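Participant: Need a 3D model of the following:
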Amino acid sequence: MCGICGELRFDGAPVDPTALAEMRDRFSHRGPDHFDAYVAPQQRAGLGFRRLKIIDLSAVANQSMPNEDGSIHVVFNGEIYNYLDLRAQLVAKGHQFRSQSDTETIVHLYEELGADCIEQLDGMFGLAIWDEPKGRLILARDRAGKKPLFYDADGSRVLFASEMKAFLGHPSFTAEVDRAAVAPYFLYGYVPGPKTWYRGVRQVEPGGMVVFDRGGASQARKYWTLTFPEAGQEPTVSRPEATARVRELVVDAVKRRLMSDVPLGAFLSGGVDSTVIVGVMRQLGVSPLKTFSIGFEGDAAYDETAEAKRTAARFQTDHTEFRVKPSAFDLLDTLIWHHDGAFGDSSAIPTYLVAKLTRQHVTVALTGDGGDEVFAGYLRFRAASMASQIPAPLRGLA
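Facilitator: Sure thing, here's the model as predicted:
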């Protein structure tokens, strides 16, 4: 992952390069390979960037990424899966590329389509585009919201960053807990977007963008929304058809995520989702395939290493097993710092540990996160479905 941040001034005051660097370096863990900052010629806008090199490891792929004449700059965290197709179309239209990175595709696509270019991107991303001639800043996030992007706007400026802790590096920012976020946190285990733990700080919504002009006016809109058929209008699909289509989609999703100029691996818990990911990676010819699992000594209830080991043997992966002692309380401060606040999901503990240890071996690791949400694997989904069958008067009484 990389990290982006920046500032746009509305009050005529110049962007402070020192404050911009302070914001950027608050998330140095997101990008150990390179860092930089860009301040626009009239000093109305500034962009900061921390890079983790994945595609095109050369210096010409560093950010911010400009267009040919330097009038447009992009900072970007994520990966664009269809960038090679988009690049070919842009080259055919006369655009000149100096790198092999997916980032440069964004800046040239913006030259062609303006803010509508976001709709053409297939990937996971949080990005910012500064358009100097039009004096506007565009913030956008991928459809599922995999990559984070936050902003804080007042009457004189807007700050944005991949992590909220970056705002603490700016002298104008005051961190105040939003008391209205407390109740939703205890209900859901997190603060539902676009709100956050902090007063005034908002998330760019998944599938959304926010555009700020030089005068401070802003416009937020969704460029994509997940829709479902109306009740009773669902298409009829046979089980074999559904099975074949799911297999096709999963294989395609894994294949798109294998583009990398650095070593790839996979988390392997032994569960259905990670086992499927590893199996598809092997089917697609990833070899050697490094897999990683974690177990907690003295707590068999949370130890899936035996299942992971059997799966690794089945797919002949280069498997590494980490065993640690349960010490969740020792990690509380670290996890709160990384999550920018309280986060009510115990899976954050093993995820943090296995990611930290895996990073010693590979740069990118695929995971099965999201499988339970997409395929309704949690028991609470079944409970919700059952509850919906209870007659309304009885539900009200309960």
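Participant: Give me the residue ranges of the stretch 1-150 of the chain where confidence is low.
Facilitator: The stretch 1-150 of the chain contains no residues with pLDDT under 70.
Participant: Do you have the helices of it handy? List them.
Facilitator: For the stretch 1-150 of the chain, the helices defined by DSSP state H, counting those that start in this stretch cover 17-25, 83-92, 103-113.
Participant: Nearest to residue 174, out of those helices?
Facilitator: Across the helices of the stretch 1-150 of the chain, residue 174 has its closest neighbour in helix 17-25 (14.2 Å, C-beta to C-beta). Backbone N, C-alpha and C define where each C-beta goes, glycine included.
Participant: Tell me, how many residues neighbour the closest residue to residue 95 other than its chain neighbours?
Facilitator: Of all residues beyond its chain neighbours, the one nearest residue 95 is residue 108 (4.3 Å), with distances taken as C-beta to C-beta, 6 or more residues apart in numbering. By other C-beta atoms under 10 Å, the residues close to residue 108 number 25.
Participant: now swap in residue 357 and tell me
Facilitator: Residue 357 has 14 neighbouring residues, counting by other C-beta under 10 Å.
Participant: ok so it is a helix residue?
Facilitator: Yes. When classified by DSSP: H, G, I helix; E, B strand; the rest coil, residue 357 is found to be part of a helix.
Participant: Which stretches in the stretch 201-350 of the chain count as strands?
Facilitator: 201-203, 208-213, 218-222, 264-267, 290-296, 318-324 (DSSP state E, counting those that start in this stretch).
Participant: which residues sit against the top helix by length along the chain?
Facilitator: What stands out as the longest helix in the chain, according to DSSP state H, is helix 239-256. If you take C-beta atoms under 8 Å, 6 or more residues apart in numbering as the criterion, helix 239-256 is touched by 81, 122, 237, 276-277, 280-281, 283-284, 366.
Participant: so which of the strands of the stretch 201-350 of the chain comes closest to residue 392?
Facilitator: strand 218-222 (31.2 Å).
Participant: tell me the contacts of the most centrally placed residue in the chain?
Facilitator: Centroid-nearest residue in the chain: residue 147, 1.6 Å away (criterion: C-alpha atoms, centre = their mean). By C-beta under 8 Å, 6+ apart, residue 147 lies in contact with 1, 77-78, 124-126, 141, 162.
Participant: In the stretch 251-398 of the chain, where is pLDDT below threshold?
Facilitator: Ranges of the stretch 251-398 of the chain meeting pLDDT under 70: 299-302, 326-329, 395-398.
Participant: any idea how far the longest helix of the chain is from the chain center?
Facilitator: 23 Å (C-alpha atoms, centre = their mean, to the nearest Å).
Participant: Next, the buried residues of that helix.
Facilitator: 250, 254 (16 or more other C-beta atoms under 10 Å).
Participant: CA-only coordinates of that helix in CSV, if you can.
Facilitator: Once non-C-alpha atoms are left out, helix 239-256 reads as follows in CSV (Å, rounded to 0.1, in the frame of the first residue of the first chain):
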residue,chain,number,x,y,z
ARG,A,239,-27.3,-24.3,-9.5
PRO,A,240,-24.8,-25.5,-12.2
GLU,A,241,-25.0,-22.2,-13.9
ALA,A,242,-24.4,-20.3,-10.7
THR,A,243,-21.5,-22.6,-9.8
ALA,A,244,-19.8,-22.1,-13.1
ARG,A,245,-20.3,-18.3,-13.1
VAL,A,246,-19.0,-17.9,-9.5
ARG,A,247,-15.9,-20.0,-10.5
GLU,A,248,-15.3,-17.8,-13.5
LEU,A,249,-15.6,-14.6,-11.5
VAL,A,250,-13.3,-15.8,-8.7
VAL,A,251,-10.6,-17.0,-11.2
ASP,A,252,-10.8,-13.7,-13.1
ALA,A,253,-10.6,-11.7,-9.8
VAL,A,254,-7.5,-13.6,-8.7
LYS,A,255,-5.9,-13.3,-12.1
ARG,A,256,-6.2,-9.5,-12.2
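Participant: hey, what's residue 203 bridged with?
Facilitator: residue 150 (DSSP bridges).
Participant: Could you check how far it is from residue 77?
Facilitator: Taking C-beta to C-beta, to the nearest Å as the measure, residue 203 falls 14 Å from residue 77.
Participant: For these two, work out which one has more neighbours and name it.
Facilitator: Neighbours per residue, other C-beta under 10 Å: of residue 203 and residue 77, the larger number sits with residue 77, 26 against 21.
Participant: so who does that one touch?
Facilitator: Contacts of residue 77 (C-beta under 8 Å, 6+ apart): 1-4, 30, 125-127, 147, 149, 162.
Participant: Out of those, give me the one that has the most neighbours.
Facilitator: With neighbours taken as other C-beta under 10 Å, the top of the contacts of residue 77 is residue 4, carrying 32 neighbours.
Participant: Brilliant, that's me finished.
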